[in-house]
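[1] need coordinates for the below:
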Amino acid sequence: MKVNQWTMGLAAAGVISFGAVAQAEEKPSNQVLTAISGTQISGYVSTSVHWNPSGQAGFAGEGPAYLNNKGDGFNLDVVQLTFSKPLDEGEWSAGYVAEVWMGPDANVLGNVIGNGGAGTTSAGAISLAQGYIALNVPVGNGLTVKVGTFNTIIGYEGNNSADNPNYSRSWGYTLGPFQHEGVVATYKIVDGVSLTAGIANRQDTGLQSVAVRTPGRIVGNNVQSGAGAGTGVQSQKTYMAAISLTAPDSWGFLKGATLNAGVVDGISAAAGNSGLLPDITNIHVSANIPTPIESIKLGFAWDHIQIAGNNFTGVISDTDVYAFYASFSNLGIEKLKLNTRLEYLSLGNATFTGDDPNVVTLTATLEYPLWANVLSRLEYRWDHDATGARSGPGQARSGVVGGGANNVHLLALNLVYKF
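    You can find the predicted model right below:
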C-alpha cells in the first residue's frame, strides 16, 4: 500500500488515524478491482491490398460502404478494440460492451469523433461502434436488455468484416442501418424461438443514396447521436422488431438451420430537397441452411428498403437486394474454405431519376489460416451494371458501379489479426 507524505503528515499530527489512512487507500483499490473483475479485452487489426484489374478507379465513393475510396493500393482498414463484461448466471446480472473503431473505416459508421468526416479516408478517425449496458431481467424464460448504442438487429452480415463470410460487404448490408442508439430487449419464447424489439433515436442521414443523397452514392443509414438526437415528437423515433427461429436436432441434417426476419422503421433526421422528412423502412429476411453434404452450407438474404417522401418524387420508392451464399470446405487442402455470394440489386427512383438501375454482383473468397490468430482471405469481386441507359453525363449506366464503366473488377487480399 502506497501512502503519500502529505497523508502521513496528517496522521502523524493526529488529524486522522493511521487506520483511516489504510481504509482510504484500500477502498478505492478494491472498488476498482471489483468493477473490472470479469472484464474481457478483445479486438482485431484489419489490413487489405486492393487491385482493380479493369483499370477503373474502383467505386470512388459510389459503391458499397467499406469499398469507398479504396482503389489500387494498400489499406489500413480498421483497428477494433472491445472491452466487455458478459452477463453471468445471476437473475439480476449486468454487463457492458464498449467497442471502438480507429482508422479509415471508422468514418463509415457516421459518428466519427476524431479527425475526418464520413466518407473520408482519415487514418485518425475514431468511432464508437457500440457502447451499451446489458441487463438480465428475470421475467419468464429471461429477458435481456441493452441500453445505449448497439448494432442493428437485422441483416445477414454484421459490421465486423472478419465475422462475415466475405471481405467486402454485400449491397444488402450497405442499404441497411448499421447501429442504433436506444433500448432493445430480447426474449426467449421457447428453445429455438426468440423475439427482439426496441426503440431508438431517429435515423441519421448516412443513407445519402436514399434520403438526402447524391445520386449513385450508396451509404447505409445510421443512428442519430449527439446533440439533437432525441428531438422531435414520439412518432419520429425509430422502432424495430425481429424474430429468430432455429431448427431442433430432430430435423436431421437441417438441425441448426436458422430463419431470421425483422423490420426497422423510422423518420430520417434531416429533410431531402423536397423539404420532407423521409420515412425509412428496412425489411430483412434471411436463412442459413445446412445440406446433406456437411462441407456445403447455403444462405439466403432479402433486404428491402422503402422511402416515403424522398427528395426526388415525394412518393414511395423501393429498393431490393437478393443475395445467395454458398460455403465450401474440405476442398482437398485442410482448412481451405471457399465462400461465394451472388447478389441482385434493384434500385428504384429513391436513388435515381429516369431509370431503375439493376446491378449483378459476384464475390468469391478463398480463406486459409496461414498464421496463428490471422484470418487470411483472397477475394475476387465483379460488379456489373445491367441497366440499359446512362443516368447522366460521366456516370455509369446507373452511377452505381462507378468509374464511368458498366463493370468493376476487384481483387483484394485481406489480413486480419484477432486478439
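[2] partners of the host helix or strand of Gly182, with directions?
    For Gly182, the host element (DSSP states H and E) is strand 179-190. Strand pairing for strand 179-190, determined by DSSP bridges: strand 143-151 (antiparallel), strand 193-200 (antiparallel).
[3] of those, flag the one that's most buried.
    strand 143-151 (a mean of 19; mean count of other C-beta atoms under 10 Å). (Glycine included, C-beta is placed from N, CA and C.)
[4] sec struct for Ile154, please.
    coil (DSSP: H, G, I helix; E, B strand; the rest coil).
[5] so what does it look like in phi/psi?
    phi -120, psi 160 (degrees, to the nearest 10).
[6] the strands paired with strand 179-190: which one's closest to Ala162?
    Nearest of the strands paired with strand 179-190 to Ala162, taken as C-beta to C-beta: strand 143-151 at 14.3 Å.
[7] what lies in contact with that closest one?
    87, 97, 128-137, 158-159, 178-187, 198, 223, 225 (C-beta atoms under 8 Å, 6 or more residues apart in numbering).
[8] can you select the buried ones from those residues in PyMOL?
    To isolate the buried members of the contacts of strand 143-151 in PyMOL, using 16 or more other C-beta atoms under 10 Å:
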select buried, resi 97+128+129+130+131+132+134+135+136+159+178+179+180+181+182+183+184+185+186+187+198+223+225
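[9] run a quick neighbour tally on Gly252.
    9 (other C-beta atoms under 10 Å).
[10] not counting its neighbours along the chain, what's nearest Arg377?
    Asn414 (4.4 Å; C-beta to C-beta, 6 or more residues apart in numbering).
[11] ok, Leu135 next?
    Distance criterion C-beta to C-beta, 6+ apart; nearest residue to Leu135, sequence neighbours excluded, is Val145 at 4.5 Å.
[12] which residues does the one you found form a beta bridge with?
    Leu135, Ala185.
[13] tell me where the model's unsure across this structure.
    1-36, 54-69, 71, 110-124, 203-235, 269-277, 309-317, 348-357, 388-405 (pLDDT under 70).
[14] give me the domain ranges for it.
    Under automatic domain parsing, the residue ranges defining each domain of the chain are 1-37, 45-418.
[15] just the endpoints, please. Distance across the last one?
    It stands for domain 45-418. 7 Å (C-alpha to C-alpha, to the nearest Å).
[16] quick one: end-to-end length of stretch 250-258, please.
    Terminal residues of stretch 250-258 lie 14 Å apart, using C-alpha to C-alpha.
[17] what residues sit buried inside that stretch?
    Judged by neighbour count (16+ other C-beta under 10 Å), stretch 250-258 contains these buried residues: Ala257.
[18] what residues does it touch?
    Applying C-beta under 8 Å, 6+ apart, the external contacts of stretch 250-258 come out as 244-249, 287-292.
[19] also stretch 296-305?
    In contact with stretch 296-305 (C-beta under 8 Å, 6+ apart) are residues 155-156, 165, 170-173, 175-176, 210, 280-291, 318-328, 350.
[20] ok, of those residues, which come out buried?
    Buried residues within the contacts of stretch 296-305, defined by neighbour count using 16+ other C-beta under 10 Å: 155-156, 165, 170-173, 175-176, 210, 280-290, 319-323, 325-327, 350.
[21] among the residues you listed, which are in helices?
    171-173, 175 (DSSP state H).
[22] now the contacts of stretch 250-258 in JSON lines, with distance to Ala386?
    Supplementary listing: the contacts of stretch 250-258 in JSON lines, determined by distance: C-beta to C-beta, whole Å:
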{"residue": "Ser244", "distance to Ala386": "34"}
{"residue": "Leu245", "distance to Ala386": "34"}
{"residue": "Thr246", "distance to Ala386": "36"}
{"residue": "Ala247", "distance to Ala386": "35"}
{"residue": "Pro248", "distance to Ala386": "41"}
{"residue": "Asp249", "distance to Ala386": "43"}
{"residue": "Ala287", "distance to Ala386": "26"}
{"residue": "Asn288", "distance to Ala386": "28"}
{"residue": "Ile289", "distance to Ala386": "27"}
{"residue": "Pro290", "distance to Ala386": "32"}
{"residue": "Thr291", "distance to Ala386": "30"}
{"residue": "Pro292", "distance to Ala386": "34"}
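[23] state the pair within the residues you listed that is farthest apart.
    Farthest pair in the contacts of stretch 250-258 (C-beta to C-beta) is Ser244 and Pro292. Separation: 24.0 Å.
[24] those two: which is more packed in?
    Neighbour totals were compared for Ser244 and Pro292, and Ser244 leads with 17 against 8 (other C-beta under 10 Å).
[25] tell me the bridge partners for that one.
    Per DSSP bridges, the residues bridged to Ser244 are Ser194, Asn260.
[26] for Ile126, same thing?
    Taking DSSP bridges as the rule, Ile126 bridges to Met102.
[27] any idea how far it lies from Pro104?
    With distances taken as C-beta to C-beta, to the nearest Å, Ile126 is found 11 Å from Pro104.
[28] neighbour count: these two, which is higher?
    The residue with more neighbours, out of Ile126 and Pro104, is Pro104; 22 against 18, by other C-beta under 10 Å.
[29] the more buried one reaches Ala125, doesn't it?
    Yes. With contact defined as C-beta atoms under 8 Å, Pro104 counts as touching Ala125 (6.5 Å).
[30] just checking, Thr365 touches Arg377?
    Yes. Between Thr365 and Arg377 there is a contact under C-beta under 8 Å: 5.4 Å.
[31] overlap in contacts of these two?
    166-167.
[32] how about stretch 332-343: buried residues?
    337, 339, 341, 343.
[33] state the distance from the last one to Tyr239.
    In this structure, Glu343 lies at 28 Å from Tyr239, with C-beta to C-beta as the measure.
[34] for the first one, same thing?
    When distances are taken as C-beta to C-beta, Lys337 and Tyr239 turn out to be 38 Å apart.
[35] in stretch 358-370, what counts as buried?
    Buried residues in stretch 358-370 (16+ other C-beta under 10 Å): 358-359, 361, 363-365, 367.
[36] what is the helix or strand that contains Leu415 packed up against?
    According to DSSP H and E, Leu415 maps onto strand 407-418. On a contact count with 3 or more C-beta pairs under 8 Å, 6 or more residues apart in numbering; DSSP states H and E, strand 407-418 meets strand 40-51, strand 374-385.
[37] deepest in the core, which of these is it.
    Taking mean count of other C-beta under 10 Å, strand 374-385 is the most buried of the helices and strands packed on strand 407-418, at a mean of 18.
[38] run the angle between it and strand 407-418 for me.
    Interaxial angle of strand 374-385 relative to strand 407-418 (axes from the mean of the first three to the mean of the last three C-alpha atoms, to 10 degrees): 160 degrees.
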